[in-house]
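Peer 1: Mind looking at a prediction? Sequence and model below.
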Amino acid sequence: MIETASPPRTAATPLVVQRRRSIAANLHAAFSIAAYVFLYAPILILVLFSFTTDAFGARLTGFTFNWYAQLLDDKRLVSATLNTLQVGIVSTIVSTALGTTMALAMERFRFRGRTGVDALLYLPVVIPEIVMALSLLAFFAFAFQILEGLFNISLRNGLATVIISHIAFSISFVVIVVRASLQGFDRRLEEAAQDLGANEWQTFWRVTFPIILPGIIGGALLAFTISLDDFVISFFTTGPGVNLLPIEVYSQVKRSITPKINAISTLMLLVSMTLVLLSQAVQRKR
Amino acid sequence: MSDGIAIDLRNVVKQFGEVKAVDHINMQIRDGEFFSMLGPSGCGKTTTLRMIAGFEYPSSGEIHLRGKPIGSTPAYERNVNTVFQSYALFPHMTVAENVAFGLQMKKVPQPAITQRVSEALDMVRLGSFGTRRPRQLSGGQQQRVALARALINHPEVLLLDEPLGALDLKLRKEMQIELKGLQERVGITFIYVTHDQEEALTMSDRIAVMERGKVLQIGSPTEIYERPTCRFVADFIGESNFIEGSVAATEERIGNDYGIAITTADGLTVRGVSPQPIKTGIAATLSLRPEKARLTLAEPPVGTANNFRVTVERVSYIGSDTRILVRLGQEMIVSVWEQNTRSTLDRDAYWQAGESGYLWWPAENALALTE
Amino acid sequence: MAIQSAPLNEPNRELERSLQRKQRTQLGGLLGPGLFWLIAFFALPLAVIVIYSFMTPGSTGRPELPFTLSNYGRLFTEKLFVNAYIRSLWMGFVTTLLCLLIGYPLALFVIQAPPRWRTVLLFLVLIPFWTNFLVRTYAWMVILQNNGLLNDLINWLGFPRQTLLNTDGAVLTGLIYGQLPFMVLPLYASIERFDFTLMEAASDLGADKRQAFLRIMLPLTMPGVAAGSVLVFIPTVGQFVVSDLLGGAKVDLLGNLLQRLFQRSNPPNWPLGSAMALIFMLVLTVGVIFYFRNTTEQNR
């Protein structure tokens, strides 16, 4: 399995040994290609079958755009999409702002408790989503109980709780991306700006910020993607009357498999992939 | 109240935790001079420069710019500019925008900025490069942009932090000449940090040799080379032989110096000079530069202060000169450099290992180190 | 703005103090808001379920006093829960192992590709990961259903149709599919730092390829293996979507149980669910510490 340069062909090296080595290399390549097929086949099948005329979506019997057309008529899907977009935009803006400032703090200052904050930032990334989701569910219920008791305000889960939850887990991802951008940032540039007469504020806005902007945008796009695709946390923090796209898809999937779901899934895939590619492109622009 | 002193460092200390990067240094840098701080890495030269620039504040001590204390003024309020080792050009701005930056901070009106930027770029011979980005320029070009960006602000002092370190040898030598010429034309005080002694000797009016946070000696290139005050300076600048012994006698004065004779461990009497009077009996080290001793087959002239019969141990042919190691007495190996003034392939014209000869030098070529 | 410098030989205390004050306000302003959010909406909710785990379930399933340890007792004794742990852990181990067996050669393949191809190949591994998890799991439902593609293939080969969906195998496939990139990325990072001339040295000293791999390459890429394993294992043990969709009601893992305890049962049982989540969190903490230890070792 380990490849080093193929041995030079000398009279002493038996032909069999040489061929055996390239067999191993070929097996390795074949295996890897199979792995890539494994990764992409389901997606491709999904996309392909969104055009089939077979009502069970099991076979390719014909070609049609029917299922895509049906999407627009599905009022629940449309409202779910709008809600999801709303949640995505709001949570992205807030988490990007909070995450960027935190990244700046972590990269520029040394302070006691820094490892603690570091751990706190890594936890949302490593923690199983369901634990976080349930804790938020419990927390909101608890908070509402107290608010009801103290101020007689009756609240329920809804868009707000979903947005709050999304911000909570997105911050960490933004921090990771912006920190990476900051770590590649040459601090001498800030010294040069100050040397030339710019105070701290001017230095930040005219030198630091423009240079880390691609990183910030990359983080924002990542946060947006994660928010759009999130299922588990939205599932437990949303309330009656507020439907979100992944949850809507989930309930339809549990009922039956129809190409209509393939259609909406294909669109979701396209959006996710575009956003991620955009995020990477923006970050590489420098 | 400045008395022609551009920068005055008084008892400056910079401490990082337990370590004293700069340990009570006192330096006065004169208006209009090209002043270098020279030393190995870690000697504190860069830290000192950064304190003058304002990127670090002294832990104690004072820094004065033309008589005014600036030790606690932030960098952006000091009329001092820096050329960084890595140039630190703003990658998201064009060359012209980079150069204009300092003037923009001073709120100079735009038409004046355009005019001055164009002049500054012309001065460094990059007049047509204004619209390019830093990454499109070569190392040498970037460095000139950094220079223009600093000088356009007419700082009272220009700080240069090993600016030529990233350039290849030939370009470095060209830039040394350019920088020196530029400094003479513009007349601004240059404070230059380097670990390359040849660079410092070539360009500077005065050099401060530093080691481990302390200034060991300040002087002109000639003074530093010909009259080192301590072993480190003698060893760091150029090469030197060190002959150790105890002072046997003080002899007549030679010029402004005091002639002395020392006795080495294996009984040889070596003569040199000392800038200050020395008592007999104490230990002393004589510093003898290899180019200042002579090795000949024939005997030296009568009356030569130092005259020893030696055997050649090893010969290195460098091209322009030959470097010969000879055994003096029982223990000492002395290095002698001879210029190859003749062009010949004849082996007999060059020294061979095992040959014997006379090693000789006048007393004033061996300097007693005072510290 | 300049402050009077202190007399020559004393440290400049006033300057230090004002600098520190400035730094502290800046730090507070930058760190504060994000930190508040994380504490209020991440740490605090976790604290809430810690507390709930020690309370008694009321008639509506919501937690009530008195405090009790009975939830934990039930979790360790009742067969339903114990089985769920064992099955979840088993799923986690198998998924992790298979991800490792697939991921390591894959990462190696990417590293050994010509440099121009490397980023592209790595990217191709990651792109599916960034798309919706639900959608990708659904894709497997389509493939594995009774009249789906895989069964069509089996039928065409002459075998009778199998029930592929709603099995452990289906869940496993879905899990591996979802978690593979988590394994490949850390492995890639670790193998990239590996100095392949060490393999040449081993070969020079007489080791064959298998020995060289086991004794040189594997130990030196262990940080990547550890990181990847932790990143696969933890989410796998706690997931419920895959087991719900691909396993139906037949596969009961931790995640499914948790969901039922909080939402679907009649009545739900929040304290018990909280306790279950908490136990899981403890397993998680050990995993995170393990992960941190291995990443810091990498920075040797």
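Peer 2: Okay, I see it.
Peer 1: Give me the domain ranges for chain A.
Peer 2: Structurally, chain A divides into domains by automatic domain parsing as follows: A:15-51, A:71-284.
Peer 1: Save the ones you listed as TSV, and put in mean neighbour count and distance to chain C too.
Peer 2: C-beta coordinates here come from the backbone N, C-alpha and C atoms, glycine included. Below are the domains of chain A laid out as TSV (neighbours: other CB atoms under 10 Å in any protein chain shown; distance: least, CB to the nearest CB, whole Å):
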stretch	mean neighbour count	distance to chain C
domain A:15-51	15	4
domain A:71-284	19	3
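Peer 1: contact partners of the longest helix seen in chain B?
Peer 2: In chain B, taking DSSP state H as the definition, the longest helix is helix B:169-186. Defining contact as CB atoms under 8 Å, 6 or more residues apart in numbering or on different chains, one finds that helix B:169-186 is touched by B:34, B:123, B:139-140, B:143, B:147, B:151, B:158, B:160, B:163-164, B:167, B:190, B:199, B:202-203.
Peer 1: B:Glu313 falls within a strand, correct?
Peer 2: Yes - looking at B:Glu313 with DSSP: H, G, I helix; E, B strand; the rest coil, it is inside a strand.
Peer 1: next structured bit after the longest helix of chain B?
Peer 2: Moving toward the C-terminus from helix B:169-186, the next helix or strand (DSSP states H and E) is strand B:189-194.
Peer 1: in the helix or strand following that following strand, what's buried?
Peer 2: As assigned by DSSP H and E, the chain's next helix or strand after strand B:189-194 is helix B:197-203. Neighbour counts over helix B:197-203 (16 or more other CB atoms under 10 Å in any protein chain shown) mark B:Gln197, B:Glu199, B:Ala200, B:Leu201, B:Met203 as buried.
Peer 1: In this structure the second one contacts B:Glu162, no?
Peer 2: Think B:Glu199. No - in this structure B:Glu199 lies outside contact range of B:Glu162 using CB atoms under 8 Å: 9.1 Å.
Peer 1: check which helix or strand covers B:Thr263.
Peer 2: strand B:257-264.
Peer 1: Which other helices and strands does that strand contact?
Peer 2: For strand B:257-264, the contact count by 3 or more CB pairs under 8 Å, 6 or more residues apart in numbering or on different chains; DSSP states H and E identifies strand B:241-254, strand B:269-274, strand B:283-288 as packing neighbours.
Peer 1: If you count neighbours, what's buried in the last one?
Peer 2: In terms of neighbour count (16+ other CB under 10 Å), strand B:283-288 has its buried residues at B:Ala284, B:Thr285, B:Leu286, B:Ser287, B:Leu288.
Peer 1: now the longest one
Peer 2: In terms of neighbour count (16+ other CB under 10 Å), strand B:241-254 has its buried residues at B:Asn241, B:Ile243, B:Gly245, B:Val247, B:Ala248, B:Ile254.
Peer 1: before we move on, what about the second one?
Peer 2: Counting neighbours by 16+ other CB under 10 Å, one finds that the buried residues in strand B:269-274 are B:Val270, B:Arg271, B:Gly272, B:Val273, B:Ser274.
Peer 1: what is the orientation angle of that strand with strand B:283-288?
Peer 2: 80 degrees (axes from the mean of the first three to the mean of the last three CA atoms, to 10 degrees).
Peer 1: Just the CA atoms of strand B:269-274, as PDB, please.
Peer 2: Extracted in PDB, the C-alpha atoms of strand B:269-274 (Å, rounded to 0.1, in the frame of the first residue of the first chain):
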ATOM      1  CA  THR B 269      57.700  37.700  25.100                       C
ATOM      2  CA  VAL B 270      55.200  39.400  22.900                       C
ATOM      3  CA  ARG B 271      55.100  43.200  22.500                       C
ATOM      4  CA  GLY B 272      52.100  45.300  21.800                       C
ATOM      5  CA  VAL B 273      50.400  48.600  22.800                       C
ATOM      6  CA  SER B 274      47.800  49.600  25.200                       C
END
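Peer 1: quick one: low-confidence ranges for chain B?
Peer 2: Within chain B, the stretches with pLDDT under 70 are B:1-2, B:371.
Peer 1: near chain A, which residues of it?
Peer 2: For chain B, the residues in contact with chain A (CB under 8 Å from any CB of the partner chain) are B:53-55, B:74-77, B:80-82, B:84, B:86, B:88-92, B:101-102, B:105-106, B:149-150, B:153.
Peer 1: distance between stretch A:33-51 and the chain's centre?
Peer 2: 20 Å (CA atoms, centre = their mean, to the nearest Å).
Peer 1: what secondary structure does the residue nearest to the spatial centre of chain A sit in?
Peer 2: Most central in chain A under CA atoms, centre = their mean is A:Ile226, positioned 3.3 Å from the mean C-alpha point. With three-state DSSP as the basis, A:Ile226 sits in helix.
Peer 1: show me the contacts for it.
Peer 2: A:His166, A:Phe169, A:Ser170, A:Phe173.
Peer 1: closest to chain B among those residues?
Peer 2: Chain B has its nearest neighbour among these in A:Phe173, at 25.0 Å by CB to the nearest CB.
Peer 1: before we move on, the earlier item: now do the longest helix of chain B and strand B:189-194, the angle between them.
Peer 2: Going by the same axes, to 10 degrees, helix B:169-186 makes 160 degrees with strand B:189-194.
Peer 1: about what we covered before: quick check: the residue nearest to the centre of chain A vs C:Pro235, distance?
Peer 2: Separation of A:Ile226 from C:Pro235 (CB to CB, to the nearest Å): 14 Å.
Peer 1: do B:Val336 as well
Peer 2: Distance, B:Val336 to C:Pro235, using CB to CB: 75 Å.
Peer 1: Let me see the contact set for the nearest residue to A:Thr64 once chain neighbours are set aside.
Peer 2: Spatial nearest neighbour of A:Thr64, excluding adjacent residues (CB to CB, 6 or more residues apart in numbering or on different chains): A:Thr53 at 5.2 Å. Residues counted as contacts of A:Thr53 (CB under 8 Å, 6+ apart) are A:Thr61, A:Gly62, A:Phe63, A:Thr64, A:Asn66.
Peer 1: per-residue confidence for A:Thr53?
Peer 2: You'll see A:Thr53 listed with a pLDDT of 80.
Peer 1: hang on, B:Leu359 in a strand?
Peer 2: Yes - checked against three-state DSSP, B:Leu359 lies within a strand.
Peer 1: Specify the beta-bridge partners of it.
Peer 2: On the basis of DSSP bridges, B:Leu359 is bridged to B:Leu295, B:Phe308.
Peer 1: So it is in contact with B:Phe308, correct?
Peer 2: Yes - between B:Leu359 and B:Phe308 there is a contact at 4.8 Å, judged by CB under 8 Å.
Peer 1: Of the two, which one has the most company?
Peer 2: Using other CB atoms under 10 Å in any protein chain shown as the criterion, B:Leu359 and B:Phe308 rank with B:Leu359 on top: 22 against 19.
Peer 1: Contact partners for the residue in chain C that chain A sits nearest to?
Peer 2: The minimum distance from chain C to chain A, using CB to the nearest CB, falls at C:Gly238 (3.0 Å). For C:Gly238, the contact set (CB under 8 Å, 6+ apart) comprises A:Pro128, A:Glu129, A:Ile130, A:Val131, C:Ser88, C:Leu254, C:Gly255, C:Leu258, C:Phe280.
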